[in-house]
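Enquirer: Just a sequence and a predicted model for now, questions to come.
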Amino acid sequence: MLNKKYILLFILILGFGLRLINLNQSFWLDEAITALQTRYSINHYVTNFAPTDFHPPLYYFLIKLWSLAVPINEITLRLPSIIFGTLSIIIVFLIVDHLFPKTQAALLAAILTATAPLHLYYSQEARMYILALFFSSLSALFFLKLRLNKSKKLQVGFILSTASMISTHYLTLIILPVFVLCSKNYRRTIIHLILSLSILIPWLPTFLKQLSNGFQTAPTFWGNILGRPTLKNLLLIPVKFLLGRVSINNNTIYALAVIPLILFYSFLFYQAFKKHSLKTKFFFAWLIIPTVLAFIISFIFPVLSYFRLIFILPAIYILAAIGYSALKPSPVKTASLSILIFTNLISSYLYLSIPKFQRENWRQAISYTESKASKHSFAIFAFPKPFAPWQWYQTNQTTTLTTKTLLTTTNTDLNTLFQPALSADTVFVFEYLMDLSDPNRLVLQWFKENGFSKIEQKDFHGVGFIHIYQKSPKFALN
């Protein structure tokens, strides 16, 4: 039989190769925010951007350093995520191999991680989520090894990886109770966690500003995007974890596909628990406790979105691999392996090959707008400022006007805000996020009432409609 190392090498090459497919997708909103920060200094990030954001600094610091070494575009900005996503496959392998060295469970966990549709998606995303998954897995590896070996190197590794995890994604704080509850030495683990948290003390003033801004936003309609504690958001966690970004418009068909898959994974989890209850305790805690805590926290601060919890995804594939290995050789075991691999591969294939499952196509939308624009054209956004992808992709300096507010109401003085557009030959109104920022479509109504006629309406994936208006002839003569 082939050596585990050679098989793992093949899995890593496969995982890395999959993550390079269709990497040149357009930046979507959040990725464009990341890209824009590479244009500014670290000082600008800390003083101007960070207080209005709600993420810790480590990912942005790493991306800024990366941008000093390579020119930034859709491919290069996503490469760090690909690298850390691929490295996390190794970490998952090492975690399982540490506990089950005489089985093939570690290799199965690695190949499931390598082909996992959601893991693949966020390994291609220029955001901090896959980095958080990497550090949470690394922290888990050090923690599990510390239960048998108290070496200084492992202790330092646990402290630094946990500190890096928290410095990447605040929500990973909800993993800390897992370490305490599963520890064999509560006092030592608590000291380690305190030392990890202490690294963030210099960041505390900025965190408090972020928290204050977050609490102001949470009660508004924007809290729906952040993730309120609804049954739908809770159910989306296992669904998206297993199928990634792939979805089916017909809810009945979607349910018929998802429910058997969840039951199948539950069967494997049961097998893992039945045969290895003590060794799997940590992984069940890693999966369940953060989910419960995220749900509870969301009553105060909405965070219940599946992608924000991606750092618990490794626990699913680890438990599935252990459960599969616990099965006795039989047709059921053979079928189980086929289902595990096939589900991942088909979901990943659908994401990689079908544009509607991919990112917002701002690049195409802005390119089209600029091809139609003149020096007398205006781009209109129902938002405080032009969206980050517009700021990143626009090249001809088309004049922009915004509503200067997160919610356009009848009290918004559109006459003053849009007065410069009355002299425009063409106006491009972006409907992006209007369901939240302008649910009554007051911006579109204003242009109709002020002598503009819609000449065209273009729909771009993820961006939505761009309404193209020109001045009606009778108004233009005035």
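Expert: Structure received. Numbers count the residues shown, from 1 in each chain.
Enquirer: Which residue, neighbours along the chain excluded, lies closest to the spatially most central residue of the chain?
Expert: For the chain, residue 307 is the residue whose C-alpha lies nearest the centre (CA atoms, centre = their mean; 4.7 Å). Leaving aside its chain neighbours, residue 307 sits nearest to residue 129 (5.9 Å; criterion: CB to CB, 6 or more residues apart in numbering). Using the backbone N, CA and C atoms, a C-beta is placed for each residue, glycine as well.
Enquirer: doesn't residue 119 make contact with that neighbour?
Expert: No. Counting by CB atoms under 8 Å, residue 129 does not reach residue 119; the two are 10.1 Å apart.
Enquirer: Mind listing the shared neighbours of the two?
Expert: Common neighbours of residue 129 and residue 119, counting by CB atoms under 8 Å, 6 or more residues apart in numbering, are residue 310.
Enquirer: Looking at those two, which is more packed in?
Expert: The neighbour count for residue 129 versus residue 119, taken as other CB atoms under 10 Å, is higher for residue 119 (29 against 26).
Enquirer: Residue 310 versus the more buried one, what's the distance?
Expert: Distance check for residue 119 against residue 310: by CB to CB, to the nearest Å, it reads 8 Å.
Enquirer: Ok, residue 6 next?
Expert: According to CB to CB, residue 6 and residue 310 sit 29 Å apart.
Enquirer: which one of the two has more residues nearby?
Expert: Legend: neighbour count by other CB under 10 Å for residue 6 and residue 310, higher for residue 310 (24 against 9).
Enquirer: what separates the residue nearest to residue 183 when sequence neighbours are not counted from residue 152, distance-wise?
Expert: Excluding its sequence neighbours, the residue lying closest to residue 183 (CB to CB, 6+ apart) is residue 189, at 3.9 Å. For residue 189, the distance to residue 152 equals 15 Å [CB to CB].
Enquirer: okay, those two: which has more neighbours?
Expert: residue 189 (20 against 7).
Enquirer: Just checking, which helix or strand succeeds the one helix or strand that one maps to along the chain?
Expert: Element membership for residue 189, per DSSP states H and E: helix 186-198. Later in the chain than helix 186-198, the nearest helix or strand by DSSP H and E is helix 204-217.
Enquirer: what's the spacing between that next one and its chain's center?
Expert: 21 Å (CA atoms, centre = their mean, to the nearest Å).
Enquirer: can you check stretch 385-392 too?
Expert: That offset, for stretch 385-392, works out to 19 Å (CA atoms, centre = their mean).
Enquirer: circling back to that earlier point, hang on, the residue nearest to residue 183 packs against residue 177?
Expert: No. With contact defined as CB under 8 Å, residue 189 does not count as touching residue 177 (10.6 Å).
Enquirer: any low-confidence regions in the protein?
Expert: Counting by pLDDT under 70, the chain has low-confidence residues at 1-2, 218-224, 473-478.
Enquirer: Can I take it that residue 454 is in a strand?
Expert: Yes. Judged by DSSP: H, G, I helix; E, B strand; the rest coil, residue 454 forms part of a strand.
Enquirer: does the residue nearest to the centre of the chain sit in a helix, a strand or a coil?
Expert: helix.
Enquirer: helices and strands around the strand or helix carrying residue 366, which ones?
Expert: Using DSSP H and E, residue 366 sits in helix 362-372. Helix 362-372 sits against helix 388-393, strand 426-430, strand 452-460, strand 464-471, with contacts defined as 3 or more CB pairs under 8 Å, 6 or more residues apart in numbering; DSSP states H and E.
Enquirer: wait, is residue 404 part of a strand?
Expert: No. Assigned with three-state DSSP, residue 404 falls outside any strand and is coil.
Enquirer: can you map out the strands along the stretch 1-150 of the chain?
Expert: Ranges of strands within the stretch 1-150 of the chain: none, based on DSSP state E, counting those that start in this stretch.
Enquirer: now the helices: where do they sit in it?
Expert: With DSSP state H, counting those that start in this stretch, the ranges of helices along the stretch 1-150 of the chain come out as 4-20, 29-37, 42-44, 58-69, 74-99, 105-115, 117-123, 129-146.
Enquirer: The stretch 151-300 of the chain now?
Expert: Applying DSSP H, counting those that start in this stretch to the stretch 151-300 of the chain gives helices spanning 152-166, 176-181, 186-198, 204-217, 223-226, 231-243, 251-275, 281-297.
Enquirer: among those, which is nearest residue 368?
Expert: Among the helices of the stretch 151-300 of the chain, the nearest to residue 368 by CB to CB is helix 223-226 (26.1 Å).
Enquirer: For the nearest residue to residue 90 once chain neighbours are set aside, grab the count of nearby residues.
Expert: Sequence neighbours aside, residue 12 is the residue nearest to residue 90 in space, at 6.8 Å (criterion: CB to CB, 6+ apart). The number of residues packed near residue 12 is 17, by other CB under 10 Å.
Enquirer: Now do residue 12 against residue 316, distance only.
Expert: Residue 12 is 20 Å from residue 316, by CB to CB.
Enquirer: what do you get for residue 150?
Expert: The spacing between residue 150 and residue 316, counted by CB to CB, is 30 Å.
Enquirer: Compare the two (neighbour count), which wins?
Expert: The neighbour count for residue 150 versus residue 316, taken as other CB under 10 Å, is higher for residue 316 (23 against 11).
Enquirer: For residue 281, give me its contacts.
Expert: With CB under 8 Å, 6+ apart, residue 281 has these contacts: residue 182.
Enquirer: Distance-wise, check it relative to residue 275.
Expert: Counting by CB to CB, the gap from residue 281 to residue 275 is 13 Å.
Enquirer: got it, and residue 427?
Expert: Computed as CB to CB, the residue 427 to residue 275 distance reads 66 Å.
Enquirer: of those two, who's got more company?
Expert: It is residue 427, of residue 427 and residue 275, that has more neighbours when counted by other CB under 10 Å, with 24 against 14.
Enquirer: so that one bridges to which residues?
Expert: Applying DSSP bridges to residue 427 gives these bridge partners: residue 378, residue 469.
Enquirer: now stretch 56-66, how far from the chain's geometric center?
Expert: The chain centroid and the centroid of stretch 56-66 are separated by 16 Å under CA atoms, centre = their mean.
Enquirer: can you check stretch 452-470 too?
Expert: Taking CA atoms, centre = their mean, one finds stretch 452-470 lying 28 Å from the centre of the chain it belongs to.
Enquirer: and what of stretch 68-82?
Expert: The answer for stretch 68-82 is 17 Å, by CA atoms, centre = their mean.
Enquirer: Span of that stretch from start to end?
Expert: Using CA to CA, to the nearest Å, the end-to-end distance of stretch 68-82 comes out at 18 Å.
Enquirer: which of the residues in it are buried?
Expert: 72, 74, 76, 77, 78, 79, 80, 81, 82 (16 or more other CB atoms under 10 Å).
Enquirer: now stretch 447-457
Expert: Within stretch 447-457, the residues scored as buried using 16+ other CB under 10 Å are 447, 450, 451, 452.
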